[in-house]
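Engineer: one predicted model, sequence on top.
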Amino acid sequence: MKMDIAFGQYCEGNSILHRLDPRAKLIISIIYIVVLFLAKNVFTFALLTLTTMALVILSGISLRVIAGGLKPILFIALFTAIINIFFFTGDTLLVDLKIVKIYLEGLFNAGLIVLRIVLLIVSTSMFLTYTTTPLALTDGMERLLSPLAKIGVPVHDFSMMMTIALRFIPTLIEETGKIMNAQKARGADFTSGGLIKRARAIIPIIIPLFVSAFRRAGDLATAMECRCYTGGAGRTRMNVLHAKWYDFAFVLAVTALGAAVVLMNIYLPGYTVTM
Amino acid sequence: MAEIKLCDVNYIYNKGTPYEAHALKNINLTIGEGITGIIGHTGSGKSTMVQLFNGLAKPSSGSVLLDGRDIWEKSERVREARFRAGLVMQYPEYQLFANTVYEDIAFGPRNMGLSEDEVNKRVIDAARFAKVPEGVMNRSPFDLSGGQKRRVALAGVIAMRPEFLILDEPAAGLDPGGRRSILGGIKEFGKASGTSVIVVSHSMEDMASYCDRIIVMASGKIIMDGTPAQVFSRYNELIGVGLDVPQITRVASALAEHGLDIGRDVYTVGYAAGKLSELFDK
C-alpha cells in the first residue's frame, strides 16, 4: 500500500549535518526559526537564503528530495501569497480591478513571506527530518529537557512514549494495509459512495486496527516488564551523546547569524517586509 | 466448473525505485476443481500470487482470467472477482470487527447486495460449514477463543458462496487438533459444495494429506506442479530450494538408502504402513 508520511524521511548520509549531535540540531533549529522571523528586509532575506543553500549543499541531500518535501506546503504558501497580493495596501498601484487593488508592495511582501515559509521548511528539515533519525531526535529531546525532571516533569516517560509511537508507525501502516485487503476481499468498498457511506466503510478497518494496537501495546508492556523496565531512574544508555567541537561551532555560527540579521535590520533599512 | 487462469503474469513491487522486487516471473497456470496446494519458501511469491487470484493485486503485466474473462478488463468490476474467488487472509481472526458474530459473517454477503433473507440463509449455512457453534452467533467475536475466531473469519468468506475458496496459511498458529479440524472442515466443505479450494501453506504434512494437486514456488517461479506423489518424490529438489518434505517421506527415503525400498512417492503414514506390511509379508 502506498502511504506517504511526513516523518521517517531520514536520508542516509554521513555529512557534517548528519553527524551533529541531535541536541545541537534542536537548539540550532530553534535559533534558526527565530532568526527567520527576525529578518525584515531584502538584505537579511538574501543572507538567509544563502546560508540555507549552504546547508543544503553541506547535507548532500538531492534537490529532488527537498522539492518533494516542499509539496505539502504548496497550498499554504500559495494561500498566503494570494492574501498578500490582494489585500495589501501600498503606494504604488499596479492593477485596479475596482473590488481588488494590487500594489507593488503587496507583490513584494508576498514574495518575501513565501520565501520565509520555504526557508523555514527547508532549514528545519535540513537539521531535523532529513539528517536525524526519529530515535536520535527523541533521545536528544529527552536530554535537552532532562532538567525539567528535577521539578517533577516525567521527561523520560514522555520520550519513551514518543519513541514507541514512532517505532510502531510503520508496523501500523502495514497492519492497516493487511486489514484493508482482508475487508476488500469481502467486498468492502472504500472508494465510492457519499461522505457518510465512506465514513461507515472505515469502521471495518478502524476497529480491528485498534484491537490489534491494544494487543500490541499489552504485549510490549509485558515484554518490557520482563526485561525489568521500571522507568527512567538509574537507566544507562547504549549510545551516550557526546557534544563535539563542531556542535558548539554550529550553535555559535547560527547565533552569529542571528546577530548579523538584527544588525542588518537596523543599519540597512528599506524594502522592509510587513507581517 | 470454474477456472482461474494466469497468463504470462509478472508482478513487480515498487517498480522504478531502489526497492524494486520481481515477485512473480512469467507465471502461466490454470487452476480448476479439487484442492490445490501452493507451497514455497517465505518470499517465493506465493502470497502475492494468491492476491492476484481475486484482484487485490494487479499484475504488472499479463492477465488473470476467471472463466476466460480478464478480471481487470473493467477495473470497476474487479469487486465481482472478489466475490467469486473468496480469499481468507493469513491470521484472518484479526479482521473481525462487528458487534456480533452473526453481523461479522454477514458483512460479505451484505456487500454483495443480497436480500436479508438470502443473507440470513447464507450466514447460517456458512457457520455450519465452518463449525461455528450456534450458541455464539449473538456474542461479540472478540469474546471467542483464537480457534473459534478463525472459524468465524472463515465463515465470513464462505458466506459469500465463492466458486473458489482461497486460504493463505489457514492453520498457522493452531494446535494439531485445531489444524486437523479446520483443514478437514475445508476439505469437507469443498467436496460438499463443489467449491474449488486453493491452500497456501508451508506445512508439508498438511499439504500431503489434504491436497489433490501441489504447486511448488521458488523465487517467483513455479518449479513443480503435480500430484503430491509426483511432487514429494522429487525429494532432493525440494530440499534444494529450502523446503521440506513430510516426515514420512524422509523416513522412506532413509529406508531406501539402507536398502529397504518402499518407493519414493510415499507421503502419508497410512500408505507407508501399507507398503511396509507388504514388505514384511513377502
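Structural biologist: Received it, and whenever you're ready, just let me know what you need.
Engineer: what sits against residue B:154?
Structural biologist: By CB atoms under 8 Å, 6 or more residues apart in numbering or on different chains, the contact set of residue B:154 is B:88, B:92, B:130, B:167, B:170, B:182, B:185-186. Every C-beta, even on glycine, is put in place using the N, C-alpha and C of the backbone.
Engineer: quick one: it from residue B:118, how far?
Structural biologist: 20 Å (CB to CB, to the nearest Å).
Engineer: ditto for residue A:97
Structural biologist: Separation of residue A:97 from residue B:118 (CB to CB): 63 Å.
Engineer: quick check: closest non-adjacent residue to residue 216.
Structural biologist: You didn't pick a chain, so chain A it is. Once flanking residues are discounted, residue A:216 sits nearest to residue A:168: 7.0 Å by CB to CB, 6 or more residues apart in numbering or on different chains.
Engineer: that's the wrong chain, I wanted chain B
Structural biologist: In space, residue B:216 is closest to residue B:224, 3.9 Å off (CB to CB, 6+ apart).
Engineer: surely the one you found forms part of a helix?
Structural biologist: No: Residue B:224 sits outside any helix when classified using DSSP: H, G, I helix; E, B strand; the rest coil, being strand.
Engineer: please say which of residue A:97 and residue B:118 ends up with more neighbours.
Structural biologist: Between residue A:97 and residue B:118, counted using other CB atoms under 10 Å in any protein chain shown, residue B:118 has the larger neighbour count: 13 against 8.
Engineer: remind me which helix or strand the closest residue to that one other than its chain neighbours belongs to.
Structural biologist: Distances taken as CB to CB, 6+ apart put residue B:109 closest to residue B:118, at 7.1 Å, once the chain neighbours are dropped. Here residue B:109, judged by DSSP states H and E, is contained in helix B:101-111.
Engineer: the residue of chain B found nearest chain A: neighbour count?
Structural biologist: Residue nearest to chain A within chain B (CB to the nearest CB): residue B:111, separated by 3.3 Å. By other CB under 10 Å, the residues close to residue B:111 number 20.
Engineer: quick one: contacts for it?
Structural biologist: Counting by CB under 8 Å, 6+ apart, residue B:111 has contacts A:186-189.
Engineer: okay, and which of these map to helices?
Structural biologist: Judged by DSSP state H, helices contain none of these.
Engineer: do you know how far the residue of chain A positioned farthest from its centre is from residue B:160?
Structural biologist: Distance from the C-alpha centroid of chain A, by CA atoms, centre = their mean, peaks at residue A:98 (40.8 Å). Computed as CB to CB, the residue A:98 to residue B:160 distance reads 63 Å.
Engineer: can you check residue A:70 too?
Structural biologist: From residue A:70 to residue B:160 the distance is 46 Å (CB to CB).
Engineer: of these two, who's got more company?
Structural biologist: Shown here are residue A:70 and residue B:160; by other CB under 10 Å, residue B:160 has more neighbours (24 against 14).
Engineer: OK, contacts around that one?
Structural biologist: Neighbours of residue B:160 in contact, by CB under 8 Å, 6+ apart: A:186-187, B:83, B:86, B:108-109, B:112, B:122.
Engineer: then residue B:14?
Structural biologist: Per CB under 8 Å, 6+ apart, neighbours of residue B:14: B:20-21.
Engineer: neighbour-wise, which one of the contacts of residue B:160 leads?
Structural biologist: residue B:108 (29 neighbours).
Engineer: how about that residue, what does it touch?
Structural biologist: By CB under 8 Å, 6+ apart, the neighbours of residue B:108 are A:186-187, B:83, B:86, B:156-157, B:159-160.
Engineer: of the residues you listed, which belong to helices?
Structural biologist: Those of the contacts of residue B:108 mapping onto helices are B:83, B:156-157, per DSSP H.
Engineer: save these as CSV, and put in pLDDT and distance to chain A too.
Structural biologist: Converted to CSV, the ones in helices among the contacts of residue B:108 look like this (pLDDT from 0 to 100; distance: CB to the nearest CB, whole Å):
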residue, pLDDT, distance to chain A
B:83, 91, 6
B:156, 94, 6
B:157, 94, 7
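Engineer: for those residues, give me CSV that also has distance to residue A:36.
Structural biologist: Putting the ones in helices among the contacts of residue B:108 into CSV (distance: CB to CB, whole Å) gives the following:
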residue, distance to residue A:36
B:83, 56
B:156, 55
B:157, 56
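Engineer: and residue B:254, how many neighbours does it have?
Structural biologist: Residue B:254 has 10 neighbours, counted by other CB under 10 Å.
Engineer: now name the helix or strand holding it.
Structural biologist: Here residue B:254 is assigned to helix B:247-257, by DSSP H and E.
Engineer: in terms of secondary structure, what does that helix contact?
Structural biologist: Packing partners of helix B:247-257 (3 or more CB pairs under 8 Å, 6 or more residues apart in numbering or on different chains; DSSP states H and E): helix B:204-210, helix B:235-240, helix B:269-281.
Engineer: quick one, which of those helices is nearest to residue A:56?
Structural biologist: Residue A:56 sits nearest to helix B:235-240 of all the helices and strands packed on helix B:247-257, at 51.1 Å, using CB to CB.
Engineer: who touches that closest one?
Structural biologist: For helix B:235-240, the surrounding residues in contact (CB under 8 Å, 6+ apart) are B:216, B:223-224, B:231-232, B:244-245, B:249-250, B:253, B:264.
Engineer: for residue A:183, give me its contacts.
Structural biologist: A:204-205, B:95, B:107.
Engineer: by neighbour count, which of those wins?
Structural biologist: Tallying neighbours with other CB under 10 Å puts residue B:95 at the head of those, with 28 neighbours.
Engineer: count of neighbours near the residue nearest to residue B:189 when sequence neighbours are not counted?
Structural biologist: Closest residue in space to residue B:189, ignoring its immediate chain neighbours: residue B:129 at 4.7 Å, by CB to CB, 6+ apart. Look at residue B:129: counted by other CB under 10 Å, it has 21 neighbours.
Engineer: one more: residue A:39?
Structural biologist: 24.
Engineer: can you pull the contacts of it?
Structural biologist: A:45, A:47-48, A:116, A:261, A:265, A:273.
Engineer: how close does it get to chain B?
Structural biologist: For residue A:39, the distance to chain B equals 38 Å [CB to the nearest CB, to the nearest Å].
Engineer: care to break chain A down by domain?
Structural biologist: Structural domains assigned to chain A are A:16-144+A:241-267, A:154-226, following automatic domain parsing.
Engineer: now do the shortest one: distance to the chain's middle.
Structural biologist: With CA atoms, centre = their mean, to the nearest Å as the basis, domain A:154-226 stands 23 Å off its chain's centre.
Engineer: average pLDDT across it?
Structural biologist: For domain A:154-226, mean pLDDT rounds to 89.
Engineer: near chain B, which residues of chain A are found?
Structural biologist: A:178-179, A:181-189, A:203-205, A:207-208, A:211-212 (CB under 8 Å from any CB of the partner chain).
Engineer: can you pull out the low-pLDDT segments for the stretch 101-250 of chain B?
Structural biologist: Within the stretch 101-250 of chain B, no stretch falls below the threshold (pLDDT under 70).
Engineer: just the strands in chain B please.
Structural biologist: B:4-13, B:21-31, B:35-40, B:61-66, B:69-70, B:85-88, B:164-168, B:196-200, B:213-218, B:221-226 (DSSP state E).
Engineer: can you put those strands in JSON lines and add distance to residue B:144?
Structural biologist: Listed next are those as JSON lines, based on distance: least, CB to CB, whole Å:
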{"stretch": "strand B:4-13", "distance to residue B:144": "32"}
{"stretch": "strand B:21-31", "distance to residue B:144": "32"}
{"stretch": "strand B:35-40", "distance to residue B:144": "27"}
{"stretch": "strand B:61-66", "distance to residue B:144": "33"}
{"stretch": "strand B:69-70", "distance to residue B:144": "38"}
{"stretch": "strand B:85-88", "distance to residue B:144": "17"}
{"stretch": "strand B:164-168", "distance to residue B:144": "19"}
{"stretch": "strand B:196-200", "distance to residue B:144": "23"}
{"stretch": "strand B:213-218", "distance to residue B:144": "32"}
{"stretch": "strand B:221-226", "distance to residue B:144": "38"}
